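Sequence plus the predicted model coming up.
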Amino acid sequence: MAFEKIVLFDGTSLDGWVKRDGSPANWHLNDDGAMTVAIGEGDIISKETYKDAHIHVEFWLPNMPEAEGQGKANSGVYVHGVYECQVLDSYGVENPESWDCSGIYQQYKPLTNANLPPETWQTYDIYFVAPKFNDAGEVIEDGRMTVIFNGVCVHNNIVLKSNTPGGVIDGRLAEGPLLLQDHWNRVRFRNIWIEKLN
């Protein structure tokens with residue numbers, strides 16, 4: 001079965017994105033078809049929402065040799081707007097934790113460290129199954145996620161029993177957007193698209 005690919009960012013416009021307050025996204029558009037976090041301008045959220053989906057995101061981390069820990073090229077990709085797949089320069093970390101790159105923040109550490117060096121384009125392919133709700137708005141089936149990071153499986157059908165901090169709501173959604181985090185570092189993104197799987 002073929003699924004339609006919906007481009008969220010093609011390198012030419014931020015028309016498909018807004019800030020948390022609904023105003024137009026104002027991250028920097030680069031000449032090379034990427035966008036760069038506008039430090040201090042806040043997170044951006046896709047206008048497009050989805051349930052089950054294959055999500056493709058490419059990102060580039062600046063080299064920050066003097067920085068440490070969470071200050072080292074930090075951002076995040078929030079699936080459904082509420083589950084953060086961490087973006088961070090964790091290259092060379094021997095035993096990555098949930099707060100390292102590709103970790104599901106404060107929930108799941110990656111199975112292995114698949115990071116490439118900073119100043120290299122890296123790729124997330126995320127396969128997401130949305131949680132199911134009953135008529136009362138209660139979760140009756142948790143969401144699930146598989147994450148392929150630079151071609152390596154770092155999460156295999158993990159169960160998402162709660163949201164992570166910093167999302168669009170403090171809870172879970174039947175249908176949600178993609179959120180890219182402004183964490184005060186000049187991380188770049190390009191070639192962002194989804195395939196809706198339902």
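Yep, that arrived.

Can you tell me the centre-most residue of the protein?
residue 77 (1.5 Å; Cα atoms, centre = their mean).

Secondary structure element holding it?
Per DSSP states H and E: residue 77 is located in strand 75-79.

In terms of secondary structure, what does that strand contact?
Under the contact definition 3 or more Cβ pairs under 8 Å, 6 or more residues apart in numbering; DSSP states H and E, strand 75-79 sits against strand 53-60, strand 83-87, strand 121-129, strand 179-180. All C-beta spots, glycine's among them, are computed from the backbone N, C-alpha and C.

quick one: low-confidence ranges for the chain?
Across the chain, the ranges flagged by pLDDT under 70 are 1.

Go again with 80.
Where the chain drops to pLDDT under 80, the residues are 1-2.

So which residues of it form helices?
In order along the chain, the chain carries no helices (DSSP state H).

Can you tell me how far residue 77 is from residue 177?
Applying Cβ to Cβ, to the nearest Å, one obtains 12 Å for the distance of residue 77 from residue 177.

quick one: buried residues of stretch 173-189?
Neighbour-count burial for stretch 173-189 flags 173, 176-183, 185, 187-189 (criterion: 16 or more other Cβ atoms under 10 Å).

same deal with stretch 31-48?
Neighbour-count burial for stretch 31-48, counted by 16+ other Cβ under 10 Å, picks out 34, 35, 36, 37, 42, 43, 44, 45, 46, 48.

before we move on, what about stretch 145-165?
When neighbours are counted by 16+ other Cβ under 10 Å, the buried residues of stretch 145-165 are found to be 145, 146, 147, 148, 149, 150, 154, 155, 158, 160, 163, 164.
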